[in-house]
Structures are given as C-alpha cells and as structure tokens.
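A.B. asks: I'd like to go over a predicted model; first the sequence, then the structure.
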Amino acid sequence: MKKKRPFVQRPRFQAADPVRAKKELGQHFLEDASAAERLADALGDLSGQRILEIGPGMGVLTRPLLERKADLKVVELDGESVRYLEAHFPDLQGRIVPADFLHWPLEQAFDGQSFSIVGNFPYNISSQILFKTLENKSLIPSFAGMFQLEVAQRIGSREGNKDYGILSVLTQAYYDVEFLFELGPEVFNPPPKVRSGVIRMFRRAAEPEGVLEKDLRLIVKTAFNQRRKTLRNALSPLGAEHSAVLKLEAEGWSGLRAEQLSVEQFCELARRPAV
C-alpha cells in the first residue's frame, strides 16, 4: 500500500500579493509613480470630475486619481486585480466594475451622465478602446491614455505623414488630440518590447455639420484600405454615382492619395447635400 502524502496547506491568494501580469490580457503594469501623476494631471483639475479608469491593475494610476478627488469608477476584467483593488483601495468600494470594457454598456458607468476616460490601456485592444470611445463620444468629453508609441503617434498624425490613417481621421473629426509624453519599457512590469506614448483628447465644440458618422467611416476606411492608389481608384468600390466620388472629381482631389487629404476634406466628401 502506498503511503499517503502528508497534507500540505497550499498558500491561498493573498490580497497583499502583487498581481501576476497575464499575457493573454496584454497586461504591462505601470510602476512609475511620476508617470502615473503626469497621466492623472492630463485632464486638469479632477476634483468632482466623473472619471472612468480602464484596466487599473494594481492601482498605480488609481491612487493619484483618488488623491485628486475624482469621482472615480474603474472597470477591470482581471479577477485577481479586482481582489487586489478591493483590499488596497477601500475608497473604491462599490466603484469597481468587474467587466470587459469593450462589451460593457457605457451609459451604465455614471447613470447616463458624461464622464472622462483615463487609463494605461492593454496594447492589444487599445485601438478598440478608442473606437468604442468614438461610438460613445456624446458621453465622453475628454480622454487621456497610454498607448503603444506608434499608435499614439498615429492617432494625432496630420495629413502628409506616413502615420496618418483611419484612426487619425476618425478621431480628429470629433476630438482635438495632443501628444503629451513618451515612456520607455523600463517603467512597466513586465517591460513591453515597445515604447509607449500618452495622448489626451478633448471633444470638439461641434461635430462636422451635415456629416453622418457612418458615411465618414465608410469613406475613410475605403480610402485607406488601398492607400497606395489614387482616391479615384481607391473609392471606386463605392460606385461612380456615389456623392463622395462625384465630389472628389468636382473638387479636383481624385488624383490625390488618402494620406494627402485633410480631416476637413474627408468630412467634405462625407457631407450630405443640404435639402
């Protein structure tokens, strides 16, 4: 008969333990307190301001947000991080949303009231976070976030630049974008293989007049899907009678490529005629 192994009490997860970064969630925890302070200050005076932090992890950014008296809620998919936050941030009681931001209805964040977004975003879903922000722009007047450097540069890029593309046009049509600062891999755990950049965005006072978002999105995506072609050829899938194609010819822009057209010119292509 085999001897029974002696019972060993395995240590349970302790809230004080650091959270294990999970590759499948794209987690790279910010460890630099000064960088967190700079990100927290990106949107100005936060006192009483409704803020939604995405992916707080172990709360390095959460702490200065709370210190600035923000009306803060956090959305966190990782259960281990949720338990850590519950143990270390009593001020967050009832304000931690254990959900996937990409599938969570944002009108639930503050009962339909507007709010700002802040976060050190998982780089594997950062573009999706931005697109969801654009879809809910009526709720989100301002936004500050950490992206992979190339993505941050792309969002704020202007026409004529190789980084200028779909993200640039669709974001800048509705928000003013400012690149704030750059960070190296050493301020994260585990260190990513890329550099990072922080941007902030403030919603424009008015949306482009006569422009439906779905029209702009279709034209911009069609144009940049074949960015090496002239716009005459790139937009041909829309059909010769499409208003954007007709306007393209009328304005003399048909020989240009997508990266040569400004945000305002793309909005003009999407603008519906007055009735």
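C.D. replies: Ah, there it is.
A.B. asks: doesn't Leu167 lie inside a strand?
C.D. replies: No - if the criterion is DSSP: H, G, I helix; E, B strand; the rest coil, then Leu167 is helix and not within a strand.
A.B. asks: could you number the chain from 55 rather than 1 from now on?
C.D. replies: Let's use 55 as the start, then, which means that last one is Leu221.
A.B. asks: which residues touch it?
C.D. replies: Applying CB atoms under 8 Å, 6 or more residues apart in numbering, one finds that Leu221 lies in contact with Ser181, Leu184, Val205, Arg208, Ile209. (Each C-beta comes from the backbone N, C-alpha and C, glycine too.)
A.B. asks: distance check, it against Phe320.
C.D. replies: Distance, Leu221 to Phe320, using CB to CB, to the nearest Å: 13 Å.
A.B. asks: and if you look at Ser250?
C.D. replies: Applying CB to CB to Ser250 and Phe320 gives a distance of 28 Å.
A.B. asks: what about the strands in this structure?
C.D. replies: The residue ranges that make up the strands of the chain, judged by DSSP state E, are 83-84, 104-108, 125-129, 150-151, 170-174, 196-202, 229-237, 242-243, 250-257.
A.B. asks: so which of those strands gets nearest Leu300?
C.D. replies: strand 229-237 (29.0 Å; CB to CB).
A.B. asks: and the closest one, how far out from the chain middle?
C.D. replies: Strand 229-237 has its average C-alpha position 12 Å from the chain's average C-alpha position, going by CA atoms, centre = their mean, to the nearest Å.
A.B. asks: the helices in the stretch 105-254 of the chain, which residues?
C.D. replies: Listed in chain order, the helices found in the stretch 105-254 of the chain under DSSP state H, counting those that start in this stretch are 116-121, 133-142, 180-189, 203-210, 220-226.
A.B. asks: for the fourth one, packing partners?
C.D. replies: Meaning helix 203-210. If contacts are counted by 3 or more CB pairs under 8 Å, 6 or more residues apart in numbering; DSSP states H and E, helix 203-210 sits against helix 180-189, helix 220-226, strand 229-237, strand 250-257.
A.B. asks: contact partners of it?
C.D. replies: Applying CB under 8 Å, 6+ apart, the external contacts of helix 203-210 come out as 177, 180-181, 184, 200-201, 217-219, 221-222, 225-226, 231-233, 236, 248-253.
A.B. asks: show me where pLDDT drops low in the stretch 55-204 of the chain?
C.D. replies: Scanning the stretch 55-204 of the chain with the threshold set as pLDDT under 70 gives 55-71.
A.B. asks: repeat the analysis, applying 80 as the threshold.
C.D. replies: Within the stretch 55-204 of the chain, the stretches falling below the threshold (pLDDT under 80) are 55-71, 75.
A.B. asks: the stretch 205-329 of the chain too?
C.D. replies: Looking at the stretch 205-329 of the chain by pLDDT under 80, you get 327-329.
A.B. asks: one more pass at 90, please.
C.D. replies: Scanning the stretch 205-329 of the chain with the threshold set as pLDDT under 90 gives 326-329.
A.B. asks: that older thread, mind checking which of the helices of the stretch 105-254 of the chain is nearest Arg325?
C.D. replies: The closest approach between Arg325 and any of these, judged by CB to CB, belongs to helix 220-226 at 14.2 Å.
A.B. asks: quick one: distance of that closest one to the chain centre.
C.D. replies: Relative to its chain's centre, helix 220-226 lies at 12 Å (CA atoms, centre = their mean).
A.B. asks: and for Leu310, the neighbour number?
C.D. replies: Leu310 has 18 neighbouring residues, counting by other CB atoms under 10 Å.
A.B. asks: surely it is in contact with Asn287?
C.D. replies: No - because the distance of 11.3 Å does not satisfy CB atoms under 8 Å, Leu310 is recorded as not touching Asn287.
A.B. asks: to Glu303, which of the helices and strands packed on helix 203-210 lies closest?
C.D. replies: Among these, helix 220-226 comes nearest to Glu303, with 20.4 Å by CB to CB.
A.B. asks: right, I'll call it a day here.
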